[in-house]
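> structural data only, the sequence is not supplied:
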């Protein structure tokens, strides 16, 4: 059910539309979740979002890098430019 709530935002956000703030409110509540598929879903939505609106994904990662699991972080940053990935990895390491 929780994963479905996250994935309901996928298609609109991947198309560059949708309510990112609503997704972020949901996702932040689940960042500490231990469930693999919840962690994967958050990262997947962020990765898909960054293809059309990369600043949304970058901003989310900047705000929550210290709370994200390695899986969520890796999935979220996978589609970013290598220089952005490295910058965010450094940011995450310093938190």
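Now that the structure is in, tell me what you want to look at. Just so it is clear, the model here is predicted, and its values are computed rather than measured. Numbering: from 1, shown residues only.
> which SS state does the closest residue to residue 58 other than its chain neighbours fall under?
Nearest non-adjacent residue to residue 58, counting by C-beta to C-beta, 6 or more residues apart in numbering: residue 84, 6.5 Å away. Using the backbone N, CA and C atoms, a C-beta is placed for each residue, glycine as well. Following DSSP: H, G, I helix; E, B strand; the rest coil, we place residue 84 in the helix state.
> distance of residue 84 relative to residue 77?
Here the criterion is C-beta to C-beta, to the nearest Å. By it, residue 84 lies 7 Å from residue 77.
> show me how far the helix or strand containing residue 56 is from its chain's centre.
Residue 56 is located in helix 54-64, with elements delineated by DSSP states H and E. Distance of helix 54-64 from its chain centroid, counting by C-alpha atoms, centre = their mean, to the nearest Å, is 7 Å.
> list the helices and strands the helix or strand just after that helix packs on?
Note on helix 54-64: by DSSP H and E, the next helix or strand toward the C-terminus is helix 70-77. Judged by 3 or more C-beta pairs under 8 Å, 6 or more residues apart in numbering; DSSP states H and E, helix 70-77 is in contact with helix 36-52, helix 54-64, helix 82-93.
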